[in-house]
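>>> Build me a model:
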Amino acid sequence: MNKERRKTQNQMRVADRGQWTSKTEYILVVAGNVVGLGNVWRFPYLCYKYGGGAFLVPYGLLAVVCGMPLFLLETSTGQYTQEGFITCWRKLCPLAQGIGYGHFVMKMFDFTYIILQAWALFYLVFSFKSQIPWASCDNPWNTVNCIGLRSWDSPSSNVTANQTMLTNTTSAADEFWERRVLGMSGGIEELGSVRWELALCLLVCWVFCYFSIWMGVRSSGKVAYFTATFPYVMLLILLTRGLTLPGAWEGIQFYMYPDLSRLANLEVWMEAGSQICFSYSVATGTLSVLGSYNEYNNNCYKDCFWLCLLNSGTSFLAGFVVFSVLGFMAHEQGVSVDNVADSGPGLVFIAYPQATAMMPFPQLWTSCFFLMLIFISVDTHFVVVDCFITSISDLFPKLLRAPGRSKIFVLLICLFFFLVQLTLVTEGGIYIFQLIDYYGSTRVCHYFMATSQCLALAWGFGADNVVNIIEDMTGQRLSVFFKLCWKYIIPLLSLISFILYLVGYTHLKFNNWYMYPNWAYTLGWTMTLSSVLMVPLWVVGQMCLTSGTFRQRFDTLCRPAEDPAWRGRKMGQEGTSVELTTSAVTA
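Below you'll find the model as predicted:
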């Protein structure tokens, strides 16, 4: 009777929250989320900077021992609990619910990456002009120090290019980015006025986000059919074009040339681990929420293997796309590839557009590139917002899931963050973005959250229990390798990386020349600690509010609020009572 009642309750809950209508939707949404800008603007540059093909050694090793085990751990816990990244801990380890609140704070900082869509949309509009504006210095925003692409067309191109490196000149692409797009002020102290063209692009991005998630998983799953597949079409088109350009193979050689001596540098291993966290979307709570929309018996183990392989394969492919074009750019300018290679905004909004402007039919290749960027970032953004909203709704289901209220709640969230993010499209907005990017959801947060998750699930809830859950859901028994990773390898590596980061910490500089004021660094560390401190503060608060001795309180708070469903089923199969008991503690 109790089993039937529980089954009915679960069916009602699934109908209330929604569920993926097909396995394909789940795969596309997760793929769209994990395959993001980090694959395009960070991985290729890290490969080039840290030993080329040799970088694949630490990257591949950490993907196996950290990336995939964490991916599986988060996905399976979401699929088992059918809850968001906050309330899922009530069914696993109530003492660790602070991890969910830490993810909640990290998500709010992740929202700022929508500005990348706005910038890409701005560039896309200008890509259709008859004269690419970042190719020449004939525009109102250019200075007397500007040097356009036509300067490299002369017979003395090598001399001109080398002079460019020595004199106080700036490229047309730099000036378009800094003076036309951003309208950069002198620092974060000078926010200036709102750039209304960028504000309009930001509004368009938030409107698209709203209509992608306004019906929850039912709408986001449908949108992913296009947004998750279109970037791959663009990648293949750009790769085909890039490999046919003169100088392309020199660029690829820079990208993949193995320098095995770099493997002795700890920084290489730290960057590889950071890239795994960033591109796999682990230690952020996103995978738990996406997994919570799966059917209980979905084979999440197989899904995780193929999705991790897809993500790393896309990163590798993107490197050929980027560096084939940068090799062409270096060939045209008569310089080495390391003089045009860059990471982050400098790659996607300066170097790569400048390279496409040198090609025949530059409008075509530039528009393809920025369309790819827009759709890559669209997936990641609406998934982050959807996970944020789902987790809040799971906290207050009666209030926020009542008929008619869910769409209004989504609208209010989108409107609120659009208004807040108008600061990012001011003349000083780029300084705010870089501050949030460096401190808001940084590697410190990822390392700490990864350690906390493994300690809570592998030690608090129990690694054997996690393995039993996955076996009950998928019918596959995991090897002892995963338990070793969860219990020892990941916490140890994360803790070492956490300590090394703090030891080697340096203040953020913008463009290697602008030093932020002291209050900005204080604000930055406040952003970092705002998510990290959620974990110990929740532990202390719950230990103080729970009665009993220290050991009794700890044992009680590490027990799930309900007996695991897999345990109840196994008891039923053995002919014993399947009545599920509720503990006295509710988180």
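>>> can you map out the strands along the chain?
Using DSSP state E, the strands of the chain run over residues 146-147, 170-171, 509-510, 514-515.
>>> Excluding chain neighbours, give the residue nearest to residue 530 in space.
Nearest non-adjacent residue to residue 530, counting by Cβ to Cβ, 6 or more residues apart in numbering: residue 105, 5.2 Å away. To be clear about C-beta, it is placed using only N, CA and C from the backbone, and glycine gets the same treatment.
>>> quick one, which of the strands of the chain is nearest to residue 531?
strand 509-510 (23.1 Å; Cβ to Cβ).
>>> Sheet partners, orientation included, of that closest one?
With DSSP bridges as the test, strand 509-510 is paired with strand 514-515 (antiparallel).
>>> From the chain's centroid, how far away is the partner strand?
From the chain centre to the centre of strand 514-515 is a distance of 26 Å (Cα atoms, centre = their mean, to the nearest Å).
>>> What ranges in the stretch 201-350 of the chain fall below the confidence cut-off?
For the stretch 201-350 of the chain, the stretches with pLDDT under 70 are 341-344.
>>> What of the stretch 1-150 of the chain?
In the stretch 1-150 of the chain (pLDDT under 70), the answer is 1-16, 150.
>>> try 50
Regions of the stretch 1-150 of the chain meeting the criterion pLDDT under 50 cover residues 1-3, 5-9.
>>> Mind jotting down where the helices sit in it?
Secondary structure of the stretch 1-150 of the chain, counting by DSSP state H, counting those that start in this stretch: helices at 2-17, 23-34, 37, 43-49, 56-62, 68-81, 97-110, 114-127.
>>> And the shortest one, what does it pack against?
For helix 37, the helices and strands in contact under the criterion 3 or more Cβ pairs under 8 Å, 6 or more residues apart in numbering; DSSP states H and E are helix 362-395.
>>> which residues touch the residue nearest to residue 258 when sequence neighbours are not counted?
Sequence neighbours aside, residue 53 is the residue nearest to residue 258 in space, at 3.9 Å (criterion: Cβ to Cβ, 6+ apart). By Cβ atoms under 8 Å, 6 or more residues apart in numbering, residue 53 lies in contact with 47, 256-258.
>>> Buried ones among those residues?
Buried members of the contacts of residue 53, counted by 16 or more other Cβ atoms under 10 Å: 47, 256.
>>> Just the closest of the contacts of residue 53 to residue 447, please.
residue 47 (21.9 Å).
>>> Could I get the contacting residues of the closest one?
53, 55-56, 255-256, 319.
>>> Reformat the residues you listed as a markdown table; add distance to residue 421.
Listed next are those as a markdown table, based on distance: Cβ to Cβ, whole Å:
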| residue | distance to residue 421 |
| --- | --- |
| 53 | 39 |
| 55 | 34 |
| 56 | 36 |
| 255 | 34 |
| 256 | 38 |
| 319 | 31 |
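>>> ok, the residues you listed vs residue 475, which is closest?
The closest of those, once distances to residue 475 are taken by Cβ to Cβ, is residue 56, at 33.3 Å.
>>> ok, that closest one to residue 280 distance?
Distance of residue 56 to residue 280, computed by Cβ to Cβ, to the nearest Å: 16 Å.
>>> Between the two, which has more neighbouring residues?
Taking other Cβ atoms under 10 Å, residue 56 and residue 280 do not tie; residue 280 has more neighbours (26 against 17).
>>> Surely the more buried one and residue 69 touch.
No - Residue 280 lies out of contact with residue 69 (Cβ atoms under 8 Å); the separation is 10.6 Å.
>>> if I look at the residue nearest to residue 139 when sequence neighbours are not counted, how far off is residue 112?
Leaving aside its chain neighbours, residue 139 sits nearest to residue 133 (5.6 Å; criterion: Cβ to Cβ, 6+ apart). Distance of residue 133 to residue 112, computed by Cβ to Cβ: 26 Å.
>>> ok so, going back, run a quick check on the residue nearest to residue 139 versus residue 177, I expect a contact.
No - assessed by Cβ under 8 Å, residue 133 is found out of contact with residue 177, at 10.8 Å.
>>> More neighbours: those two, which one.
Legend: neighbour count by other Cβ under 10 Å for residue 133 and residue 177, higher for residue 177 (23 against 20).
>>> Now for the more buried one: which residues touch it?
Contact partners of residue 177, counting by Cβ under 8 Å, 6+ apart, are 134, 345, 349-350.
>>> if you set the cut-off to 6 Å instead, what comes out?
Contact partners of residue 177, counting by Cβ atoms under 6 Å, 6 or more residues apart in numbering, are 349-350.
>>> Likewise for the one 5 residues further on?
Neighbour list for residue 182: residue 430 [criterion: Cβ under 6 Å, 6+ apart].
>>> phi, psi of it?
For residue 182, the backbone dihedrals are phi -90, psi -30 (criterion: degrees, to the nearest 10).
>>> ok, residue 61 to residue 431 distance?
Residue 61 is 37 Å from residue 431, where distance means Cβ to Cβ.
>>> how far away is residue 82 from residue 491?
According to Cβ to Cβ, residue 82 and residue 491 sit 27 Å apart.
>>> can you check residue 522 too?
To residue 491, residue 522 is 30 Å away according to Cβ to Cβ.
>>> Which one's more surrounded, those two?
Remark: of residue 522 and residue 491, residue 491 carries more neighbours, 20 against 11, as counted by other Cβ under 10 Å.
>>> wouldn't that one be in contact with residue 454 here?
Yes - at 4.9 Å, residue 491 counts as touching residue 454 under the criterion of Cβ atoms under 6 Å.
>>> quick one, what contacts the closest residue to residue 319 other than its chain neighbours?
Sequence neighbours aside, residue 44 is the residue nearest to residue 319 in space, at 3.7 Å (criterion: Cβ to Cβ, 6+ apart). By Cβ under 6 Å, 6+ apart, the residues touching residue 44 are 319, 322-323.
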